[in-house]
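Participant: Could you work out the structure for the sequence below:
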Amino acid sequence: MKTSKTPLSIKIIYWATQVIFGLFLLVCLAIIVFNVLLFTDFFGNDLQLHTRFPVKVNILEEGNLYLNDMNIKVELVEGITKIHFFNTPLFLARWFGSALIIVASILMYILFSFRKFVINVRRQVIFVEENIQHLKNIAYALFFLWIFTIVYVRIMYQAIGSRVEFKHVEILQDYPNFAGLLMLALFIWVLSHIFLTGVKLQEEQNLTV
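Facilitator: All right, here's what the predicted structure looks like:
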């Protein structure tokens, strides 16, 4: 039986996945090293930490827009920003480091499962139960990541956002819902059931032959 040629698009996706997986392995290694240094008190309180602020902010500062010989008053509202901790306390750095390692672990699991799926597709092994399980694993991991980010943002707001004060910034209690992660998880879950139907049809065809 002659094997059909693998499409160029699948080859590109395969090699892109391999490169991204390898690079992310290095990132995960760097994150592990960073956490080891945190928990051995290597940085002390000298760490300058930047992280995303958990909620939106209003910047209470008016400005002027000069356009067509007109002076238009403007104001920045509902911005998404990062927060910079000067001389970050060790307990806070360890908290962020632990959260980072959880997210990196979930993403690595997703990449690993997707890589296995792409390898099977490249080998033209498509409608098999192994691929269904890979897709389900990706959907579960994305759903868990969605739950984690929802909880993490609310903890961050209660611990930091609700207690920090700025002179020209208003902190809004407007949590992001990360709906894109949930929709992607649901889409891949549905895709796994489409593959399940394909497996059943292939089994029926094999029995018929």
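Participant: so what's the backbone phi/psi at residue 177?
Facilitator: Backbone torsions for residue 177, taken as degrees, to the nearest 10, come to phi -100, psi -10.
Participant: where does this protein have low pLDDT?
Facilitator: The chain contains residues with pLDDT under 70 at 1-4, 202-209.
Participant: all strands for the protein, in order.
Facilitator: Here the chain has its strands, by DSSP state E, at 49-52, 57-59, 62-67, 70-75, 82-85, 169-171.
Participant: between the fourth one and strand 62-67, how many degrees?
Facilitator: In this structure, strand 70-75 runs at an angle of 150 degrees to strand 62-67, with axes from the mean of the first three to the mean of the last three C-alpha atoms, to 10 degrees as the basis.
Participant: From residue 138, how far out is the most centrally placed residue in the chain?
Facilitator: Among the residues of the chain, the one closest to the centroid is residue 107, at 6.6 Å (C-alpha atoms, centre = their mean). From residue 107 across to residue 138, the span is 11 Å (C-beta to C-beta, to the nearest Å). C-beta coordinates here come from the backbone N, C-alpha and C atoms, glycine included.
Participant: all helices of the protein, in order?
Facilitator: Using DSSP state H, the helices of the chain run over 8-39, 90-122, 129-156, 179-208.
Participant: and the shortest one, what does it pack onto?
Facilitator: To tie it back to what came earlier, the one meant is helix 129-156. Under the contact criterion of 3 or more C-beta pairs under 8 Å, 6 or more residues apart in numbering; DSSP states H and E, helix 129-156 touches helix 90-122, helix 179-208.
Participant: ok, and which of the ones you listed has the densest surroundings?
Facilitator: A comparison of the helices and strands packed on helix 129-156 by mean neighbour count, using mean count of other C-beta atoms under 10 Å, puts helix 90-122 on top with a mean of 16.
Participant: so how far is that helix from its chain's centroid?
Facilitator: Helix 90-122 sits 8 Å away from the centroid of its parent chain (C-alpha atoms, centre = their mean, to the nearest Å).
Participant: on contacts alone, who are the packing partners of that helix?
Facilitator: Counting contacts by 3+ C-beta pairs under 8 Å, 6+ apart, helix 90-122 packs against helix 8-39, strand 49-52, helix 129-156.
Participant: angle of the first one against helix 90-122?
Facilitator: Regarding helix 8-39 and helix 90-122, their directions subtend 160 degrees when assessed with the same axes, to 10 degrees.
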